[in-house]
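Visitor: any chance you can model this:
(chains A and B)
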Amino acid sequence: DAGVTQSPTHLIKTRGQQVTLRCSPKSGHDTVSWYQQALGQGPQFIFQYYEEEERQRGNFPDRFSGHQFPNYSSELNVNALLLGDSALYLCASSFGGETQYFGPGTRLLVL
Amino acid sequence: AQSVTQPDIHITVSEGASLELRCNYSYGATPYLFWYVQSPGQGLQLLLKYFWGDTLVQGIKGFEAEFKRSQSSFNLRKPSVHWSDAAEYFCAVGGVGGDKLTFGTGTRLAVRP
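Guide: Residues are numbered from 1 along each chain as shown, chains lettered A, B, ... in the order given. Got it, this is the predicted structure:
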């Protein structure tokens, strides 16, 4: 049984560019949550998708947007990248949103 | 607002010694509580969780944690640490009804040979 998968594993962008990160949830899971983990910090909640709609959102600007597809996979989009967006982006999936299982993350570096 | 405090940023223990990592939380209702472990450059692996019932919960890799409502704590313990336990440990609260998880800042564990 495959766990949560994320792509790409690493990404380098320059300021002002846009980026799309992808996540495939664990089999049987219907809810996807995204977190940002800056270096030396704990993960911070960005948003959560359920039934293809954003169900909750953390304290992140509108530059951060997402999407969930009918097969429950999800994308995280970040526009107008800033240096401070450099972080590990973690996707977590769950069934009903309770116990969240995390993927390996995508490390984004903004130059 | 929900929050998690992990007061120990860094802990070093000798291999074979016992371990206790502290976690205090704030949550508006009966919480769901979690401990995750993260190896360098990796994602988070779930060690154990508390939803309800027995306040002492067992997890993977020989870890256990005890929920103490009166102290708003959920400390992680292991009776004998192995070198492979060196990693960063995160306590998290939330998940009730699909609520977001709020994490602490983590405790980095080093294991002395």
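
Visitor: where does the residue nearest the centre of chain A fall, secondary structure wise?
Guide: The centroid of chain A falls nearest to A:W34 when counting by CA atoms, centre = their mean (3.5 Å). A:W34 is part of strand A:31-37, with elements assigned from DSSP states H and E.

Visitor: quick one: mean pLDDT for that strand?
Guide: On average, the pLDDT along strand A:31-37 is 96.

Visitor: quick check: which helices or strands does that strand pack against?
Guide: strand A:44-50, strand A:74-78, strand A:87-94 (3 or more CB pairs under 8 Å, 6 or more residues apart in numbering or on different chains; DSSP states H and E). Bear in mind the C-beta positions are built from the backbone N, C-alpha and C, glycine included.

Visitor: tell me what the second one is packed against?
Guide: Taking 3+ CB pairs under 8 Å, 6+ apart as contact, the helices and strands that strand A:74-78 lies on are strand A:19-24, strand A:31-37, strand A:64-68, strand A:87-94.

Visitor: and what of the last one?
Guide: In terms of contact count using 3+ CB pairs under 8 Å, 6+ apart, strand A:87-94 is assigned the packing partners strand A:5-7, strand A:19-24, strand A:31-37, strand A:74-78, strand A:101-102, strand A:106-110.

Visitor: which residues touch the residue in chain B that chain A sits nearest to?
Guide: When distances are taken as CB to the nearest CB, chain B reaches nearest to chain A at B:G98, 2.4 Å away. Going by CB atoms under 8 Å, 6 or more residues apart in numbering or on different chains, B:G98 touches A:T31, A:Q48, A:Y50, A:R55, A:Q56, A:S94, A:G96, A:G97, A:E98.

Visitor: touching, B:A65 and B:S73? I think so.
Guide: No. Contact criterion CB atoms under 8 Å: B:A65 and B:S73 do not qualify, at 9.5 Å.

Visitor: what's the burial count for B:A110?
Guide: The tally of other residues near B:A110 (other CB atoms under 10 Å in any protein chain shown) stands at 12.

Visitor: for it, give its distance to B:S14.
Guide: 10 Å (CB to CB, to the nearest Å).

Visitor: what of A:S86?
Guide: Relative to B:S14, and taking CB to CB, A:S86 is found at 36 Å.

Visitor: what sits against the residue lying closest to A:E75 once chain neighbours are set aside?
Guide: Counting by CB to CB, 6 or more residues apart in numbering or on different chains, A:H67 is the residue found nearest to A:E75 once chain neighbours are left out, at 4.9 Å. Contact analysis of A:H67 by CB under 8 Å, 6+ apart lists A:Y49, A:E52, A:S74, A:E75, A:N77.
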